[in-house]
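A.B. asks: next come a sequence and a model predicted from it.
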Amino acid sequence: MKVQIKLIDKSLPIPEYKTTGSVGFDLYCRNDETIGPHEVKKIPANLVVKVPKGHYLMVEPRSSVVFKFGLIVIGGTIDQDYCGETDEIHITVYNVKNEMVKLERGTRIAQGIFSKISKVDFKSVSRMGKVSRGGFGTTGY
């Protein structure tokens, strides 16, 4: 499947899957960025993507980012219709450190994963007809 993309800064690499078994492709930091202690910040990822019909694009963390930089990548969903000329993907990060974190332009900080969409019809009911099994942690930790 071919996917149309637009690079904002054409000097940065085009997305690629690093191995034949990779599910996600890397997303790059477009600019040098500084994230303050405990700050949440949107990082431009240099990419506008025309997500294929019947799919959506998930923005997910790279496993090394929290250990290498102290940043938690907050996942996001890119819809099929978010592909206008200036609809650049951004990566939301949270700095868990008590110090500034600096990212250099071109740093790989997240990954994109395409997935098929399943839509459902909702039916409102007054009862679910099952006994509640409990909430968070009820099956153990």
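C.D. replies: It's in.

A.B. asks: show me the longest strand that occurs in the chain.
C.D. replies: Counting by DSSP state E, the longest strand found in the chain is strand 108-116.

A.B. asks: what about the most centrally placed residue in the chain, which helix or strand?
C.D. replies: Centroid-nearest residue in the chain, with CA atoms, centre = their mean: Val59, separated by 1.5 Å. Here Val59 sits within strand 55-61, counting by DSSP states H and E.

A.B. asks: now what about that strand, what contacts it?
C.D. replies: Under the criterion CB atoms under 8 Å, 6 or more residues apart in numbering, residues 24, 27, 45, 49, 51, 72-73, 75-80, 89, 91, 110-117 lie in contact with strand 55-61. The way it works is simple: take the backbone N, C-alpha and C, and place the C-beta from them, glycine included.

A.B. asks: identify the residue spatially nearest to Asp87, adjacent ones excluded.
C.D. replies: The spatially closest residue to Asp87, leaving aside those adjacent along the chain, is Val48, at 5.3 Å (CB to CB, 6 or more residues apart in numbering).

A.B. asks: partners of the one helix or strand that neighbour maps to, with directions?
C.D. replies: If you go by DSSP H and E, Val48 is part of strand 47-49. If you go by DSSP bridges, strand 47-49 pairs up with strand 5-7 (antiparallel).

A.B. asks: which helices and strands sit right next to the next helix or strand after the partner strand?
C.D. replies: As assigned by DSSP H and E, the chain's next helix or strand after strand 5-7 is strand 25-28. On a contact count with 3 or more CB pairs under 8 Å, 6 or more residues apart in numbering; DSSP states H and E, strand 25-28 meets strand 108-116.
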